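J.: Sharing a model that was predicted from the sequence below.
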Amino acid sequence: METVYIETSVISYYTSKPSRDLIIAARQEITREKWPKIAKLFEVYISALVIQEAEQGDPEAAKSRLTAISNLPILSISDKAERLAALLISDGPIPKQYPEDALHIAIATTNGMDYLSTWNFTHINNAQIKSKIISLVESQGFHCPVICSPEELIGE
């Protein structure tokens, strides 16, 4: 079975109250629709970083996020992952103000995930940045997971 690392934005969209922003509302609905299918078709993983981010913010929303991920296996954050994340910032496309984005990519990569699913189109699932991520990851001897949204992960 293929593996997928679920980045925190997916969990947030899955558990949050419906937004009045039409794009966010659509992504929330897509995530709610796709989540059971993803759980059935893939081995789903998170990391301690996802848990840390899910704990932040409104206590009620945090509880909902943490409940949604409570049974998912947790990937380690190794020294290799931290070194790769540092490279993604120093030599690569991830701005230094967003070290968590680099770490999500590095965790998924160093743990051999097939996919990294995210709604972060700013610094992770962005066509221009993605090609730079792949080049840097592969230059370090790793295979880069396919970076995609939940919708792209399993389509219609």
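T.: Perfect, I can see it now.
J.: all contacts plus neighbour counts: C-alpha atoms, from now on.
T.: Fine.
J.: tally of neighbours for H104?
T.: Around H104 there are 25 other residues, counting by other C-alpha atoms under 10 Å.
J.: Which strand or helix spans it?
T.: Element membership for H104, per DSSP states H and E: helix 99-110.
J.: which residues sit in contact with E55?
T.: A62, K63, R65, L66 (C-alpha atoms under 8 Å, 6 or more residues apart in numbering).
J.: and which of those is nearest N126?
T.: Among the contacts of E55, R65 lies closest to N126 (C-alpha to C-alpha), at 24.7 Å.
J.: Quick check: E152 is in a helix.
T.: Yes - judged by DSSP: H, G, I helix; E, B strand; the rest coil, E152 forms part of a helix.
J.: For the residue of the chain most remote from its centre, give me the pLDDT.
T.: Centroid-distance maximum for the chain: R20 at 23.6 Å, with C-alpha atoms, centre = their mean. You'll see R20 listed with a pLDDT of 96.
J.: Just give the number of residues close to the nearest residue to I77 once chain neighbours are set aside.
T.: Computed as C-alpha to C-alpha, 6 or more residues apart in numbering, the closest residue to I77 that is not its neighbour in sequence is I107, at 6.0 Å. Residues lying near I107 (other C-alpha under 10 Å) number 27.
J.: same deal with the one 10 residues further on?
T.: Using other C-alpha under 10 Å as the criterion, S117 is surrounded by 26 other residues.
J.: Then Q52?
T.: 12.
J.: which other helices and strands contact the longest helix along the chain?
T.: Looking across the chain with DSSP state H, the single longest helix is helix 22-41. Contacts defined by 3 or more C-alpha pairs under 8 Å, 6 or more residues apart in numbering; DSSP states H and E place helix 22-41 against helix 8-15, helix 150-154.
J.: between these, which gets nearest to P93?
T.: Per C-alpha to C-alpha, nearest to P93 of the helices and strands packed on helix 22-41: helix 8-15, 19.3 Å.
J.: Pull out the buried residues from that closest one.
T.: Within helix 8-15, the residues scored as buried using 16 or more other C-alpha atoms under 10 Å are T8, S9, V10, I11, S12, Y13, Y14, T15.
J.: try stretch 112-126
T.: 112-120, 123-126.
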